[in-house]
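**Student:** What shape does this take:
(chains A, B, C and D)
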Protein chains: 2
Amino acid sequence: MIETKQKILNTAERLFGDQGYAATSLRHIIAEAGVNLAAIHYHYGSKEELLDEVVMRKAGPVNAERLALLDRYEAEAGSGPLAAEKVLEAFLAPVFSGADRSPQFVRLMGRMYGEGLMTMIVGRHFQPVVNRFIDAFRRALPDLPDEELLWRIHFMIGTMAHALFGPPNPRPGAEPASLDAQGVVQRLVTFLGAGFRAPVSRAAGSEEK
Amino acid sequence: MIETKQKILNTAERLFGDQGYAATSLRHIIAEAGVNLAAIHYHYGSKEELLDEVVMRKAGPVNAERLALLDRYEAEAGSGPLAAEKVLEAFLAPVFSGADRSPQFVRLMGRMYGEGLMTMIVGRHFQPVVNRFIDAFRRALPDLPDEELLWRIHFMIGTMAHALFGPPNPRPGAEPASLDAQGVVQRLVTFLGAGFRAPVSRAAGSEEK
DNA sequence: GTCTATACTGAGATAGAC
DNA sequence: GTCTATCTCAGTATAGAC
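**Tutor:** Just a heads-up that it's a prediction; the model follows:
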């Protein structure tokens, strides 16, 4: 069938989100999808490339909404400066609550981050968007040295990724789901906004800058 | 030999730090250590328990120094309140620069976090220390609601863990090493200190956009 | 108590027939 | 395009030699 490729993708998305990437074997996917093992390699090449497709299909709308929000906020600000908090909100809100308001994306991203696949995913699917936001932060915080700005964006991504994991102090084995998206984004924007606005401390490194 | 157990541990520590946990097969370890495959399971039970031992040996001194620093800062503060930045410093500095000033620990932790093993490791080896620091933060920020405090500690751990990865914007494939420990800790304390001190935003939980 | 040799199960990947 | 069969490598388990 022609839909073999789609059935694989849909089943993989569900199982990756439910059980994680490593815990989901290709043999499990083909059993649920009712296709042959070799079909995965024929259509996608490898397990990792299959994950790539799953992520891309979900990340596309999220990144589109991020850029749309950023454009909207910049338009609303007119010629004036855009608050760092608005840049943060444009970056964070679509991840937690945006796009098709699907908690599956949060679950999947949380899983991927928990399995150490986030670096790969960010590099492949999010880097252009991140670069666009680096510019926005630069304009929002013109007094911040560029090296410090990049570090703080680095910190922000770590915070966001960890927040995808779930609420604080979940008992081991708890499900990393059921986040109150609005509340988390609000907390993140407040916390990170203050961090971004913090004055640079003296002697933040022995190397020249 | 009697040192079989130690040779396994030392070799595992080196290879886990160099290549990561998943990428290091037990057969690779035994080849370099010059021991038999079954010796690992005899002495350690499983690959995961071997990792546990490796982490414990490294984490012990770090956690001890964290608590010692916290005690020292609290003693220096006398009866007065301890600044949140000092609590942060006691928590962060030993991870990046402390203990035996070994960059191997940073590398190993960065690797473990990158592979999604940090949750397990934190739960097993760091939870008591984290609980002690929760109390310290509570005293440093008595006006912060407890739920918000726990979220912010959650954020902090995510930021720290991500910072273990390395500097911002490393090209894919770059080594997550060679951090300027002092500079990173300084940047983290400044950034996170401001975040912890941020006033709680109203309606952090029920609004709709 | 320690260690070795070997076998077992399940994983991802691949070649080639249809 | 699809499927069967097979390959390599992983972690694990066990029987038995010192």
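**Student:** quick one, helices of chain A?
**Tutor:** Along chain A, counting by DSSP state H, helices occupy A:4-19, A:26-33, A:37-44, A:47-77, A:84-96, A:103-114, A:118-121, A:127-140, A:146-164, A:181-197.
**Student:** near DNA strand C at all, the worst-scoring helix or strand of chain A on mean pLDDT?
**Tutor:** Lowest mean confidence among the helices and strands of chain A (mean pLDDT, DSSP states H and E): helix A:118-121, at a mean of 85. No - judged by C-beta under 7 Å from any atom of the strand, helix A:118-121 stays clear of DNA strand C, getting no closer than 13.6 Å. (Each C-beta comes from the backbone N, C-alpha and C, glycine too.)
**Student:** Show me what counts as buried in that helix.
**Tutor:** Neighbour-count burial for helix A:118-121 flags A:118, A:119, A:120, A:121 (criterion: 16 or more other C-beta atoms under 10 Å in any protein chain shown).
**Student:** Looking at those residues, which is nearest residue A:160?
**Tutor:** residue A:118 (10.0 Å; C-beta to C-beta).
**Student:** who's in contact with the closest one?
**Tutor:** By C-beta atoms under 8 Å, 6 or more residues apart in numbering or on different chains, residue A:118 lies in contact with A:109, A:112, A:161.
**Student:** can you do 7 Å?
**Tutor:** A:112, A:161 (C-beta atoms under 7 Å, 6 or more residues apart in numbering or on different chains).
**Student:** Run through the residues of chain A sitting next to DNA strand C.
**Tutor:** Counting by C-beta under 7 Å from any atom of the strand, the residues of chain A near DNA strand C are A:24, A:25, A:26, A:27, A:28, A:37, A:38, A:41, A:45, A:46, A:47, A:48.
**Student:** Which members of the residues you listed are the farthest-apart pair?
**Tutor:** Farthest apart among those by C-beta to C-beta are A:28 and A:45. That separation is 18.6 Å.
**Student:** before we move on, back to that, out of the residues of chain A next to DNA strand C, which are buried?
**Tutor:** Here the buried ones among the residues of chain A next to DNA strand C, as counted with 16+ other C-beta under 10 Å, turn out to be A:24, A:26, A:47.
**Student:** what separates the first one from residue A:111, distance-wise?
**Tutor:** Meaning residue A:24. Distance of residue A:24 to residue A:111, computed by C-beta to C-beta, to the nearest Å: 10 Å.
**Student:** what do the two both touch?
**Tutor:** Here residue A:24 and residue A:111 have residue A:16 as joint contacts, going by C-beta under 7 Å, 6+ apart.
**Student:** Might you list the low-confidence residue ranges for chain A?
**Tutor:** Along chain A, segments meeting pLDDT under 70 span A:1-2, A:98-101, A:170-179, A:203-209.
**Student:** Residue A:9 against residue A:53, yeah?
**Tutor:** Yes - with contact defined as C-beta atoms under 7 Å, residue A:9 reaches residue A:53; the gap is 6.0 Å.
**Student:** Can you pick out the residue with more neighbours from the two?
**Tutor:** Legend: neighbour count by other C-beta atoms under 10 Å in any protein chain shown for residue A:9 and residue A:53, higher for residue A:9 (20 against 17).
**Student:** ok, the closest residue to residue A:161 other than its chain neighbours - how many residues close by?
**Tutor:** Using C-beta to C-beta, 6 or more residues apart in numbering or on different chains and skipping the chain neighbours, the partner closest in space to residue A:161 is residue A:113 (4.6 Å). Applying other C-beta under 10 Å, we find 25 residues neighbouring residue A:113.
**Student:** dump the residue contacts of residue A:113.
**Tutor:** Residue A:113 makes contact with A:161, A:164, A:165, according to C-beta under 7 Å, 6+ apart.
**Student:** let's see 8 Å
**Tutor:** Neighbouring residues of residue A:113 by C-beta under 8 Å, 6+ apart: A:161, A:162, A:164, A:165, B:116.
**Student:** just curious, which of those is nearest to DNA strand C?
**Tutor:** residue B:116 (15.8 Å; C-beta to the nearest atom of the strand).
**Student:** ok so, going back, just so I know, which of the helices of chain A lies nearest residue B:195?
**Tutor:** Set against residue B:195 and scored by C-beta to C-beta, the helices of chain A come closest in helix A:181-197, at 4.1 Å.
**Student:** is the closest one anywhere near chain B?
**Tutor:** Yes - part of helix A:181-197 sits near chain B under the criterion C-beta under 8 Å from any C-beta of the partner chain, namely A:182-183, A:186-197.
**Student:** With neighbour count added, can I get these in a markdown table?
**Tutor:** Putting the residues of helix A:181-197 next to chain B into a markdown table (neighbours: other C-beta atoms under 10 Å in any protein chain shown) gives the following:
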| residue | neighbour count |
| --- | --- |
| A:182 | 18 |
| A:183 | 18 |
| A:186 | 21 |
| A:187 | 23 |
| A:188 | 24 |
| A:189 | 22 |
| A:190 | 21 |
| A:191 | 30 |
| A:192 | 27 |
| A:193 | 22 |
| A:194 | 20 |
| A:195 | 26 |
| A:196 | 24 |
| A:197 | 18 |
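**Student:** ok so, going back, okay, the contacts of residue A:113 in CSV with neighbour count and distance to residue A:149 next?
**Tutor:** Converted to CSV, the contacts of residue A:113 look like this (neighbours: other C-beta atoms under 10 Å in any protein chain shown; distance: C-beta to C-beta, whole Å):
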residue, neighbour count, distance to residue A:149
A:161, 22, 19
A:162, 25, 21
A:164, 24, 23
A:165, 22, 26
B:116, 22, 28
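**Student:** out of these, who's nearest residue A:146?
**Tutor:** residue A:161 (22.7 Å).
**Student:** Leaving out the residues flanking it, which one is nearest to residue A:154?
**Tutor:** What sits nearest to residue A:154 in space, not counting adjacent residues and going by C-beta to C-beta, 6+ apart, is residue B:168, at 3.6 Å.
**Student:** and the one you found, what does it touch?
**Tutor:** A:150, A:151, A:153, A:154.
**Student:** what about 6 Å?
**Tutor:** For residue B:168, the contact set (C-beta atoms under 6 Å, 6 or more residues apart in numbering or on different chains) comprises A:150, A:151, A:154.
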